Every structure is written in C-alpha cells, then in structure tokens.
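Q: Please work out how this folds:
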Amino acid sequence: MNFYSAQDNAKKKTTYLVLLYILILMVLTVLSSLVLMLLLPFFTGERIVLDWQYLLFSPQSLPTLLGVGGFVIGGALISSFVKSRHLSKGGAVIAGALGGVKLSPNSKNLNERKALNVVEEMAIASGMPVPEVYLLRNESAINAFAAGQTVQDAVIGLTQGTIDKLSRSQLQGVVGHEFSHILNGDMRLNLRIIMLLHGIEFIGLLGRIMTASGRSSRSRRSGFLVSSSSSRSSRSKGNGAIVLAGIALRILGWFGALCGNMIQAAVSRQREFLADASSVQFTRNPDAIAGALKVIGGATESSRLKNTESKEVAHMFFGQSFHTRLAFLFATHPPIALRIQRIQPNWDGQFLKPQEPLPVSEPIQKSSKPDLNLGVLPEPLALLMAAGVIVDQLSDQSKTTLVDLIEKANDPMEAMALVMAVLICEESSPNQVESEWQKMLPSIEIEGLANLVKQQVNLLRQTELINRLPLVELTMPALKTLSDKQYLQFKSLMQQLMDLDNEQTIFEQSVYQLVTRYLDVHFGLAKKHRVRYRNAKKVAIELQLIFSALVFYGHTSKAGKQHSKQASLSSTMDLAFKSAMQKLDLPNLQRIETDSTQPNLFKNATEKLLYCSEPLKQKIVEALVVCIEYDGKVNSIEKELVLAIAATMNAPIPRIKL
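A: This is a model prediction of the structure:
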C-alpha cells in the first residue's frame, strides 16, 4: 500500500464531500425560502403565485426572497453558533460529557500506565506536547477518540476494553490513528460538520413550531363562536396553510438531516482511511493498527459502545460506535475487513483474540538503578527511542540519569523544575549566569521548588542528551494540574530565567512559547486565534525574521565560531534562507542579521503566525524543513528548533518526517 497516495486520495474525496454538503445546504435554504414565500400571501392578502420562476427571478419577489432567505440562513447560523459555543469549550468537556475520567500521570494501574506511556510516545513522535488522557471505564468495547478544536485543547479518550484487550503495539496503532486525527485537522472538521448539521436542523425545528402553532390556533378557535362565516373560512385557510408549510419544512428538515448524516458518514469514512495510513507512518509498523483492527473484528463486544450515547460524535471514534442496518449509507467507519485490507492487501482473513488481561492494579516497581546490561532499554528510554529520539548512543550513566528525569516529569513540582532546568542549561553563558540563577532561587515563592530546580539542573547536566525538547513535552499533563496561582508564578519564573544573561536564544524563546501557548489555553488565559492571513506576503517581515534566526542558530551550531569558517558559513546561511523563501514564493526577501538581545521581535513574529490559515501554516512548515535540509545535514539542534517553532504555530511536525 502506498500510504502517501492513500492520504492524498482521502483528502481529495473529503473536499468533494464537503462541497456537496454545502451545496445541499444551499438547496435546502432556497426550497425553505420558497415554502415560506408561498405562505406569505395568506397573511398579506395578496394573490397566491405558484410559478417558481416568478418567485425566484422576478424583481417584485426578489426583496421578499432575500428577506425570507436571510431569515432561514440567519436562524441556521444562530443554531450553529449556539452549538459551536458548547463545542468550543475544549476536548476535556466533550470527553467528560461522554463519561470519561481523566487519568492521573502518576497512576499505578498497569494498563493505565501502558496507555499513558503510549500516548506520551506518540505525542513526542508527532512533535506536540502530551495531551490529557481520558478513560471510559464502563465500556468494555475496543474504541478510542480524539476531541478538541485545536492541538492545545486536544485530549485522547480510550475505553477500558482498549487498554485491557490490546497489546502495547496494537495500542500504539490505535493512539497513532487518533493523533493523526489531531494533526490532520479532523477534530476541527468533525466539530464544524456537527455545527452545520445543527444548522440544518433549524429548518425542521421551524416546521415543528409552525405545525404546532397552526394546530393550537385551530383548537383554541373551536371553543368560541365566530359570527362571520367569511372570517371563519379565511382563518381556517390561513391556519391550514401554516400547518401545510410546517409539514413541508419538517420534510425538508428531515431530508436535509438525512443527507447531512449520509455525507457526514462518508466524510468520516474517508478520514478514517487517512488516519489509518497516517498511523502506519507514526508507528512505522503496519501490524500495529492492523492487529488492533483484527482484535476488534474477532471480539464479541467489537467497537460498539453500550453505556455511552455517542451518535452525535460517532465519527470521532476509532471504530463504529453504534449499530446501523444501512451501514453503506450511515456507517461512520468503513468495514473492519476493508480497513485491514487497505493496510495489508495480502491479509488471510483471520482475526485475532484479545490479549489476556493484566492485573487490575499493581504498583510499578521502580529500581533506583535500571539494569542496562540486560540488552533491554528501560521503559522511559524505550518511549523516547520509539518516538524517534536517539538515546542508544548515550553512556550508561546518562541513560540512568535520563530515566530518573523522565519518571519525575509526572509530578507537577518536578515538572516545573525540569522545564526551568532546561532553560538554565540552555543559557548561552552558563558559567556567567550560574551565580545569578543560584541567587534567584531563594526568592521563589513556591515551597520546595528551589531545591528541585538544583537537583534537576545537576541531573540534566549529567546527561549527554541534545534533544531536550521531548522532556519539556512530557511535562505538560503534570503542569496542567497546577493551580492558577502556581502557573502564573511558574510563567514569571521562566521569563526571569531567560533574562539572566540579557539574551534569549531562539530555542529558549521557542520552549517558553511552547509551554505557555498550551498552558494558557488550559488555564483560560488565551484568546481564540482567528485566521487573518492567507498569503505569505502578509507576514513576509515575520517570516524573514524567523528564518534568519533559524539559519543563524542552526548553522552556527554546526560550524562553531572559528573565524576561518565565517565567510563560507555566511554564504551557506544565505543559500539556505533563499531556498526557504523560494518555497514560500518570496524570492526577493534577503536574510537579516538577528539580535538575541531583542527577544520580543521573535516572540511577536511567531505570535503573528498563529493567525495564518492552515494551508499557509503547512507551507511555512514545509519551508522550515527545506531550510534545515539545504546542506544535506540536519543536526539535533536544528531538528528540535524546527519542531519547537512548528509547535508554537499550532502546526506540529511528526519527528519521523525530519
């Protein structure tokens, strides 16, 4: 199977289906407007006209058509807006509404720890901070979902059956599938389709109101004597027209909802194929997701949820969550066998049995010194290794220290200390600022944090790990458990640490923005970023600054600061910058000299890129990759830098692509 071709094919089909969806919405709006226009003469006393050409195209009826059409569209938009307000509260709200319980990063349950570790692994592999994990404890079926509007408020949901019945590799396939939904924008697409469906339902709702109104008016009138027979006849006709128009609108609303659900299901099926292909890319193991699908195909419970009302959000799940007889029209997921065959064309048709359940609860024994002589990496290092981080070349001492650092990242206090330690160790003049940050520690108001920072700095300096960004990404679930006051204090401390040497490197700024962009959303401090820029020319100055900083920081890290290399280094940086600008269709931009003493310039530049459209962000990400790959060498610093910049733009790059 050509997974890249499968991805392109799924995206194209999705585009056609969404356009069809919009077309049906427009047709329903016109038909609903015609029905209401036919009803108006009963109230105005005008002659009833049944000529649809006159109603649609005559100058006399045009104002009425526009007014009625505006009413229908306005009502649909208001209905969609109300629904969007509910859905915009973030993935945690949706997961909670489905009965999900947030898993603690410090859980001792073996299956829960397996799930948490796999989510951490896939997050690092996808180049984004670790999302929160929710568990549907009362569901024995094998299923999962990703919920949220953006990368920052995304959560992963798993059923109890998923973590109990799947092996670790199979669970990787499922979680990789859900992460692809996050990175491909499927969560946002799903929520928008729910909003559009809710808008279509306004037409049916209007019909129900009119039908009920006409009937109630008739029942009230039957209790009174009416002196004029002509008046009685006129009112009877008017009420009859209201009822008929209401019935017509209800039929249109029903038809619209029917078509909407069919298209929603078709879109969902295409995105599932896309997510399956992307999961293979994440895990680099087709057997992972194929194995999970084979277990679902052979399991008694399958993927259908019994204790959760999931129809409205069924397209967000990994597998078909409800039963439908007309599966070819309304199933939100392709048949299991077809999904397996797309991944493994030579599949023999045999399904797999679920794994034997692990002990429900058993403390995880942590040895103070992992035995690295057994040929098997400890779980924390295996997690990084599977996510594409090179750790096998580290010394045994570094590996032992790194295990300690990762295990401590699950505690909120330790997590704060670890992020601060990364910033301290990143300072351009570590010896110069040593005494400065030591003096700063006693002023920290959070009790116990100062000592933890010292310990984490010592541990971090003992490791030979260049890729420190994954350590920051791993701290996110723990940092989300801070109180509002603690987070504001932590945010201030990060800023103070970066200012110790009066310089802020591009990596320091990227780490700070990565942490604050995600946590600001969680703590309600961030505003929603609406699209303002769809063309690279609108953000040309910002792109010039960011790419100039990238080539300078990345290439000087390769060449060092030997004077003899400065001329050739400058030429290489210019050419790398030029190649990126060609990708962005900005060939006339020239590289500028960057100044680390003015950090606000870089901060403001990346802030502005948040308002770019998704296609433009994707183009910028591709240009970032072109820039660092220009000389055919991508070192760890360049790789981490690009991952950090992309993540701060809400456009994370999977590590496997670098």
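Q: could you pull out the strands for the stretch 151-300 of the chain?
A: For the stretch 151-300 of the chain, the strands defined by DSSP state E, counting those that start in this stretch cover 155-159.
Q: which residues in it form helices?
A: Along the stretch 151-300 of the chain, counting by DSSP state H, counting those that start in this stretch, helices occupy 160-165, 168-183, 186-221, 229-283, 286-298.
Q: cool, and the stretch 301-450 of the chain?
A: Using DSSP H, counting those that start in this stretch, helices in the stretch 301-450 of the chain cover 327-330, 336-343, 379-386, 396-408, 412-426, 430-440, 449-462.
Q: For the stretch 1-150 of the chain, which segments count as strands?
A: Going by DSSP E, counting those that start in this stretch, the stretch 1-150 of the chain shows strands at 101-102, 132-136, 144-147.
Q: Let me have these in a markdown table, extended by mean neighbour count, mean pLDDT and distance to Met26.
A: Quick note: C-beta positions are derived from backbone N, CA and C, even for glycine. Formatted as a markdown table, the strands of the stretch 1-150 of the chain follow (neighbours: other CB atoms under 10 Å; pLDDT from 0 to 100; distance: least, CB to CB, whole Å):
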| stretch | mean neighbour count | mean pLDDT | distance to Met26 |
| --- | --- | --- | --- |
| strand 101-102 | 16 | 94 | 41 |
| strand 132-136 | 25 | 95 | 38 |
| strand 144-147 | 28 | 92 | 29 |
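Q: looking at these, which is closest to Val68?
A: strand 144-147 (37.2 Å; CB to CB).
Q: Tell me which residues are up against that closest one.
A: The contact list for strand 144-147, computed with CB atoms under 8 Å, 6 or more residues apart in numbering, reads 91, 94-95, 98, 154-159, 162, 174-175, 177-179, 181-182, 186-187, 313, 316-318.
Q: and what of stretch 526-536?
A: Residues beyond stretch 526-536 that count as contacts (CB under 8 Å, 6+ apart) turn out to be 88, 152, 517, 520, 538-539, 543, 584-586, 608, 610-613, 615-616, 619-620, 650.
Q: so Asp574 touches Ile592, yeah?
A: No. With contact defined as CB atoms under 8 Å, Asp574 does not count as touching Ile592 (10.9 Å).
Q: that older thread, save the strands of the stretch 1-150 of the chain as JSON lines, and put in distance to Ala415 too.
A: Converted to JSON lines, the strands of the stretch 1-150 of the chain look like this (distance: least, CB to CB, whole Å):
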{"stretch": "strand 101-102", "distance to Ala415": "16"}
{"stretch": "strand 132-136", "distance to Ala415": "14"}
{"stretch": "strand 144-147", "distance to Ala415": "23"}
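Q: Pro59: which of those strands is closest?
A: That would be strand 144-147 among the strands of the stretch 1-150 of the chain, by CB to CB, at 49.6 Å.
Q: looking at it, Gly260 is touching Leu23, isn't it?
A: No. Gly260 is not in contact with Leu23 according to CB under 8 Å; the separation is 11.8 Å.
Q: Quick one: neighbours of the closest residue to Leu381 other than its chain neighbours, just the number.
A: Residue nearest to Leu381 in three dimensions, not counting chain neighbours: Val391, with 5.2 Å by CB to CB, 6 or more residues apart in numbering. Applying other CB atoms under 10 Å, we find 22 other residues in the vicinity of Val391.
Q: Distance check, Gln421 against Asn410.
A: Rather than Gln, residue 421 is Ala. 16 Å (CB to CB, to the nearest Å).
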